[in-house]
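Trainee: Okay, predicted coordinates and the sequence, questions at the end:
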Amino acid sequence: MPSPTERLLALLSLLQARRDWPGAVLAERLAVSDRTVRRDVDRLRELGYRIQSVKGPDGGYRLEAGSELPPLLFDDGQAVALAIALRTATAAGADIGEDALRALATVRQVLPARLRHRVDVLEVEPLPPATGAAPTDPAVLLALAEAVRARTVLRFEYGEDASEAPRRAEPHHVVAAGGRWYLVAWDLDRADWRIYRADRIRPRSHAGARFAPREVPGGDVRRYVSARFRGAHPDTSAAWPCTGSAVLALPERRVRPFAGDGAVEPLDERRTRLTAGAWSWGALAASFGRFEAPVSQAQPPELAAAFAEQAERFAAAAGSSA
C-alpha cells in the first residue's frame, strides 16, 4: 500500500495530466475512498497548490493553470522521462541545446536527493539531426505554433532565394520527424496541401486573416505526412510506392534487426522471407543487397527485373575499374 506522501504525489500527477477529474474517478485510480481524496486535496491546498472544486452531478477537482506552485514534485518515472527529454533535446532538431541543459539544471535543484542521483547518472549522447538539417530557431517554431493555434494566415519566405514573393499559407500542424521540424499547411497560391521544412521558413507575419480549418487528406496528419514522405497517395495508403518480397539465405535473427518496417517471416533455420518497401524497385532491390546474402524467389516480377538491372549495373561498374 502506498504511503500518504506517495499517494499525494500520485494525486498531484493525475491533476496535472488533464483539466478536470471527477472525484469518483480519482478515488478509483488511487484505490482509495472519496473521503480520502477530499482529505488529500485539502493537504495539497495547504502546501500551496490551488485546486478548485468542480460542481456538478459527478463533482470533481481542477488544478488551476498559471498558479504559482511550490517546488516541483516528480515521481521516479517522471524524473527519468524529463531527464531523457532534456538531454536529447538537440536530436529533435530545434536549436535549444543550451536552454535544455539550463532547464535540466534548474529542475535538478528542486528534486529530492534520491531522484537527483538518478538524473545525474543518466548520461545520454544524442545523435545529431538528419544530414543536411539545420537546427530550427525556437522563435520560428513558436511563431508557427501560434499561427496554427490562432488559425491565422501565415506569410513567410521559404528557402535561400529572398527575391521570391512571400508564400501565403493556412498553417494546420507542426510536426517533427527524423530530426527535422515541418509545417503542414494549405498553400493559398497553389490551392493545395504542402509540407514545409521549418528550418527554411522565415516568417514575415503571423497575424493575418483568420481561416476555417481544413481536414488533411485521409483525416490523419501523421498518416498524411508518412505517406508524403514515402511517395504514396495520402488518400489511400501510407505504404511504400513499391513493395515486394524475397527469400534471404539467413536465419531470422540475422534479418530482423535490420528489417526496418519490413515484415520478417522465418522459413527454416537458414532462410527468411523479407517483405519490404521503397521509393522505387531499384531502391528496393538495393535494400535487399545490404544483407550480403544469396537472394531468391523475388516477387513481384518488377522486383525480379530490378535485381537483373542492378546486377548489370554493378557488373559494369566492376569492369570499368579493372
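Mentor: Now that the structure is in, tell me what you want to look at. Residues are numbered from 1 along each chain as shown.
Trainee: mind listing the strands for the stretch 201-322 of the chain?
Mentor: Secondary structure of the stretch 201-322 of the chain (DSSP state E, counting those that start in this stretch): strands located at 201-205, 242-248, 263-266, 272-278, 295-299.
Trainee: Could you identify which of those has the lowest mean pLDDT?
Mentor: Across the strands of the stretch 201-322 of the chain, strand 201-205 has the smallest mean pLDDT, namely a mean of 85.
Trainee: Give me the buried positions along that one.
Mentor: Ile201, Pro203 (16 or more other Cβ atoms under 10 Å). All C-beta spots, glycine's among them, are computed from the backbone N, C-alpha and C.
Trainee: Which neighbouring elements make contact with it?
Mentor: With contacts defined as 3 or more Cβ pairs under 8 Å, 6 or more residues apart in numbering; DSSP states H and E, strand 201-205 has these neighbours: helix 138-150, strand 154-158.
Trainee: Adding distance to Asp75, mean pLDDT and mean neighbour count, write those out as a markdown table.
Mentor: Below are the helices and strands packed on strand 201-205 laid out as a markdown table (distance: least, Cβ to Cβ, whole Å; pLDDT from 0 to 100; neighbours: other Cβ atoms under 10 Å):
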| stretch | distance to Asp75 | mean pLDDT | mean neighbour count |
| --- | --- | --- | --- |
| helix 138-150 | 28 | 88 | 17 |
| strand 154-158 | 39 | 92 | 20 |
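Trainee: Distance to Ile201 added to the ones you listed, as a markdown table?
Mentor: Formatted as a markdown table, the helices and strands packed on strand 201-205 follow (distance: least, Cβ to Cβ, whole Å):
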| stretch | distance to Ile201 |
| --- | --- |
| helix 138-150 | 6 |
| strand 154-158 | 5 |
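Trainee: And these: which comes nearest Tyr224?
Mentor: helix 138-150 (15.2 Å; Cβ to Cβ).
Trainee: That closest one packs against which elements?
Mentor: Packing partners of helix 138-150 (3+ Cβ pairs under 8 Å, 6+ apart): strand 167-177, strand 201-205.
Trainee: Out of these, flag the one nearest Gly260.
Mentor: strand 167-177 (14.9 Å).
Trainee: Can you list the buried residues in that closest one?
Mentor: Of the residues in strand 167-177, Arg167, Arg168, Ala169, Glu170, Pro171, His172, His173, Val174, Val175 count as buried by neighbour count, 16+ other Cβ under 10 Å.
Trainee: quick one, what contacts the second one?
Mentor: This means Arg168. By Cβ atoms under 8 Å, 6 or more residues apart in numbering, Arg168 lies in contact with Val153, Leu154, Arg155, Asp187, Leu188, Asp189, Gly208.
Trainee: what's the neighbour count on the fifth one?
Mentor: In this case it means Leu188. Using other Cβ atoms under 10 Å, Leu188 has 16 other residues around it.
Trainee: what about the residue lying closest to it once chain neighbours are set aside, distance to Arg271?
Mentor: In space, and not counting its chain neighbours, Leu188 is closest to Arg168: 4.4 Å by Cβ to Cβ, 6 or more residues apart in numbering. According to Cβ to Cβ, to the nearest Å, Arg168 stands 56 Å off from Arg271.
Trainee: what's the answer for Gly262, then?
Mentor: 16 Å.
Trainee: One more: Leu142?
Mentor: For Leu142, the distance to Arg271 - Cβ to Cβ - is 53 Å.
Trainee: again with Ala134
Mentor: Per Cβ to Cβ, Ala134 is found 45 Å from Arg271.
Trainee: Give me the neighbour count for Ala263.
Mentor: Ala263: 12 surrounding residues under other Cβ under 10 Å.
Trainee: who does it bridge with?
Mentor: Beta bridges link Ala263 to Thr275, judged by DSSP bridges.
Trainee: out of the helices and strands packed on strand 201-205, nearest to Thr5?
Mentor: helix 138-150 (36.4 Å).
Trainee: Secondary structure element holding Ala105?
Mentor: Using DSSP states H and E, Ala105 sits within helix 97-109.
Trainee: Which other helices and strands does that helix contact?
Mentor: With contacts taken as 3+ Cβ pairs under 8 Å, 6+ apart, helix 97-109 sits against helix 76-87, helix 113-120.
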